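**Q** this one's sequence-less:
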């Protein structure tokens, strides 16, 4: 496959600063750019000239004026470049191609052959990338790179997935190196819940707080934190692993080596198995990541939305455990907003958010000082893949890679 545009091509810090302001604005003038970036008018003028030359920015008419020469307005040329986003979930891999604004051009899903080892999974990912780029009809030279959202723990600096509990047989797998060699594109890798957090903040804009927590419900349970407008990853890039907060020290064993983690109650396979036990049905075939577990969980969610008593009670119990972990999260991070996302909230996002909202409103230490806003994702089931694509876009032109 032809090599894509270098991720660092879009310029240095000042140019990235200007481009980021243009991206966030509907239309903006050079004068406003200077005011918002703190750069001199001459520096802004020089940068805008380069951006116009490279077709990253368009002039879109003049602003109304009460006197003097009307200012020429600028906006992002969203179709100048694109990014591929890939969310590697142990059950299903989702891919998207987005333009510079984050708008999804095309999407696809593939069953993840997670039980067949990392080599088979990587081969599947390479074929999927080739397929979606072809379907998008975007020239490879216009693709900035591939963002990969993967279960942790990860070594982001080396692009290595260490030993994720939900991907059996994975031990220090060089995902970035493998994908770069096979596709010809540069690759950015991050924890899947962190990537989803970035995607939610990117897509949500002003509707998403500069301080927020994101809880991802997929095959596993993950989390992300945005503090003062920046993603907080922790020293090893594995912060906010809310799925491994203990909610019952005597609870079930977790693949992470702990007991009673939130994930052992809230993960889709655990919810499906709980519903089966309540009905006196067999739980065989409902193991983590199995197709049968995903199918059974989605059925429980549909039944809960329809008011089935057993399904509703099952989801409420999972929501109660979510509330326990949410209280711990808020007592430590003290953020004003929690967002729930991932394919696991389909049909039951309202039930989970109500349970979480009740818990944090009644039991967090700061409950008398402010109300925590609990929302469901604006981005839907593709939030991880969209977040992965936004990793590429941030690397390409955001002033600081952690900045949102």
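**A** Here it is on my side, so go on. Note that the structure is predicted; figures quoted are calculated from it, not measured.
**Q** Could you say which helix or strand holds residue 310?
**A** Following DSSP states H and E, one finds residue 310 within helix 309-333.
**Q** and the next element down the chain from that helix?
**A** strand 337-341.
**Q** Can you spell out which helices and strands pack onto that next one?
**A** helix 192-204, strand 212-217, helix 309-333, helix 349-363, strand 373-376 (3 or more Cβ pairs under 8 Å, 6 or more residues apart in numbering; DSSP states H and E). All C-beta atoms are positioned from the backbone trio N, CA, C, and that covers glycine.
**Q** Just the buried positions in the last one, please.
**A** So the one you mean is strand 373-376. Judged by neighbour count using 16 or more other Cβ atoms under 10 Å, the buried positions of strand 373-376 are 374, 375, 376.
**Q** Tell me which of the helices and strands packed on strand 337-341 sits nearest to residue 118.
**A** helix 192-204 (15.9 Å; Cβ to Cβ).
**Q** Let me know the angle separating that closest one from strand 337-341.
**A** Here the directions of helix 192-204 and strand 337-341 differ by 110 degrees (axes from the mean of the first three to the mean of the last three Cα atoms, to 10 degrees).
**Q** JSON lines please, covering the helices and strands packed on strand 337-341 and showing mean pLDDT.
**A** Below are those laid out as JSON lines (pLDDT from 0 to 100):
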{"stretch": "helix 192-204", "mean pLDDT": "84"}
{"stretch": "strand 212-217", "mean pLDDT": "95"}
{"stretch": "helix 309-333", "mean pLDDT": "97"}
{"stretch": "helix 349-363", "mean pLDDT": "96"}
{"stretch": "strand 373-376", "mean pLDDT": "94"}
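**Q** got these as TSV, with distance to residue 82 columns?
**A** Putting the helices and strands packed on strand 337-341 into TSV (distance: least, Cβ to Cβ, whole Å) gives the following:
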stretch	distance to residue 82
helix 192-204	15
strand 212-217	24
helix 309-333	34
helix 349-363	29
strand 373-376	28
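**Q** Residue 184 is nearest to which of the ones you listed?
**A** Here helix 192-204 is closest among these (Cβ to Cβ), at 21.9 Å.
**Q** for that closest one, packing partners?
**A** Applying 3+ Cβ pairs under 8 Å, 6+ apart, we find helix 192-204 packed against strand 82-88, strand 143-150, strand 212-217, strand 221-227, strand 230-232, strand 337-341, helix 383-397.
**Q** out of those, which comes closest to residue 16?
**A** Once the helices and strands packed on helix 192-204 are compared by Cβ to Cβ, helix 383-397 is nearest, at 4.9 Å.
**Q** Could you tell me the angle between that closest one and strand 143-150?
**A** Going by the same axes, to 10 degrees, helix 383-397 makes 140 degrees with strand 143-150.
**Q** mind showing which ranges of the protein have poor pLDDT?
**A** For the chain, applying pLDDT under 70 flags the ranges 1-12, 64-68, 205-206, 396-404.
**Q** about what we covered before: include mean neighbour count and distance to residue 327 when you put the helices and strands packed on helix 192-204 into JSON lines, please.
**A** As requested, the helices and strands packed on helix 192-204 are arranged in JSON lines below (neighbours: other Cβ atoms under 10 Å; distance: least, Cβ to Cβ, whole Å):
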{"stretch": "strand 82-88", "mean neighbour count": "29", "distance to residue 327": "28"}
{"stretch": "strand 143-150", "mean neighbour count": "28", "distance to residue 327": "27"}
{"stretch": "strand 212-217", "mean neighbour count": "30", "distance to residue 327": "12"}
{"stretch": "strand 221-227", "mean neighbour count": "26", "distance to residue 327": "14"}
{"stretch": "strand 230-232", "mean neighbour count": "19", "distance to residue 327": "19"}
{"stretch": "strand 337-341", "mean neighbour count": "25", "distance to residue 327": "11"}
{"stretch": "helix 383-397", "mean neighbour count": "29", "distance to residue 327": "24"}
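**Q** Show me what the helix or strand residue 188 falls within pairs with in its sheet, parallel or antiparallel.
**A** Using DSSP H and E, residue 188 sits in strand 187-191. Strand 187-191 has the following strand partners under DSSP bridges: strand 143-150 (parallel).
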